[in-house]
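> Just a sequence and a predicted model for now, questions to come.
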Amino acid sequence: MLPEMRQTLFLKTKNNLLKLSIGVKAYRIWEKIRLRRKAKKVVSKLLYDLKNNKVKRIRICFDTKFAPPTYGDFFHTVMLARFLEMSGYEIDFFIVSHSKREDWEFLSASQAENLILDFKKIASNYLNLKKSTVKIYESKVNTNANTAELKTEKIHLIAQQIIRILVLKNNWEVPSNFLLDENPKLNVSSNINQKFITWHIRLGKWDLKRNFRPSTILKDLLTLSKYFPNEKIMILSTKDGIHLFNSLTFENTSINVASKSKEKIITQPVNGFLSATEFLLNSQFYFQRSGGGMSAVALYTTIPYVMVNEYTYFWNLRGRFLHLSNFRIMPWSTKRQFLIYCPKKIDDFDIEKYLQKATGYDS
């Protein structure tokens, strides 16, 4: 067995034993506390380097040895780089792919290669390449004395927490035009000439339990149609996800429902994560039930949303009632944005009261 495989197996066994000894809920609380502490240490080291070493360049490494093959985790890391860049620093953004953690095995070699190239394209799209660099490294990255490094293996887990700490605890300003919906542009080709909302339906190859459930499709479609009677509903998904959605919606329902659905629904006209991002940023509202990388995009906007997730990096000691507390997901979050933590029976979670608040029906 290779050393990296032995290390992975050891860590998984250690975490599973810890879950058994203290309980799953207690383990999740411990995990979030640990990540918060890690984020605070990373921020302290960064601020020290920026002040005492007077560096103006920051290095961020997204390492596939520790990060999953998911758009959402990568996007959080990119947005941290964007935040620091727009705060006045130059960024070296490195995608390190010399080894990969075990869940990359769900992808073929060509799929993994294409995903990494897509990652580079996304980072290049949201960073200013006149002052920053985006590179793919197939070997370990050497240290640089003239660069401050966010030195942590799992930067994707704490990227958004680092932004929160810098803004809420260290009084950093949110840079102008940092939020993605401040200057949205619809560059992708489409013939959409009326208002629409976006609904992400995940059908991924990894962590299949977060894929959408067919049992909730019709229920959510009818609910969204009720609160958005004059807007089209755009489905954001992969080709396979859209095909499955169409078969469930138009072929397995009554003729009346299917006919109305065809008038109401439009599917993502251009494939790809970046294209889906542009449609989300030009929509009136965003919705998802269960996990998906598009939720990471929505968090960096002021667009109203309702997102129901089994897992969230923002889960605090109040658990699933996080959205009822005064805890804001991000410093710019509004009263019409709801990220709801629902670890059990997510299919049965009633979204209506949150749609009422997000759309202003209760005001």
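Yes, it's here.

> need the contact list for the closest residue to residue 352 other than its chain neighbours.
Once flanking residues are discounted, residue 352 sits nearest to residue 223: 6.3 Å by C-beta to C-beta, 6 or more residues apart in numbering. No exception for glycine: its C-beta is placed from N, CA and C like everyone else's. Applying C-beta atoms under 8 Å, 6 or more residues apart in numbering, one finds that residue 223 lies in contact with 351, 352, 355.

> How many residues are close by the first one?
Okay, so that is residue 351. 21 (other C-beta atoms under 10 Å).

> now the last one
As a burial measure, residue 355 scores 21 neighbours (other C-beta under 10 Å).

> can you check the second one too?
Counted with other C-beta under 10 Å, the burial measure for residue 352 works out to 12 neighbours.

> State the distance from it to residue 79.
31 Å (C-beta to C-beta, to the nearest Å).

> Doesn't residue 40 belong to a helix?
Yes. Membership of residue 40 in a helix is supported by DSSP: H, G, I helix; E, B strand; the rest coil.

> All the helices of the stretch 251-363 of the chain, in order from the start?
255-264, 273-281, 294-299, 352-359 (DSSP state H, counting those that start in this stretch).

> For the ones you listed, give me JSON lines that also has distance to residue 177 and mean pLDDT.
Shown next, in JSON lines, are those (distance: least, C-beta to C-beta, whole Å; pLDDT from 0 to 100):
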{"stretch": "helix 255-264", "distance to residue 177": "33", "mean pLDDT": "62"}
{"stretch": "helix 273-281", "distance to residue 177": "13", "mean pLDDT": "93"}
{"stretch": "helix 294-299", "distance to residue 177": "16", "mean pLDDT": "94"}
{"stretch": "helix 352-359", "distance to residue 177": "24", "mean pLDDT": "92"}
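
> Stretch 224-236: end-to-end distance?
15 Å (C-alpha to C-alpha, to the nearest Å).

> which residues in the stretch 101-250 of the chain form strands?
Taking DSSP state E, counting those that start in this stretch as the criterion, the stretch 101-250 of the chain carries its strands at 133-137, 148-149, 196-200, 232-236.

> domains of the chain?
3-169, 196-359 (automatic domain parsing).
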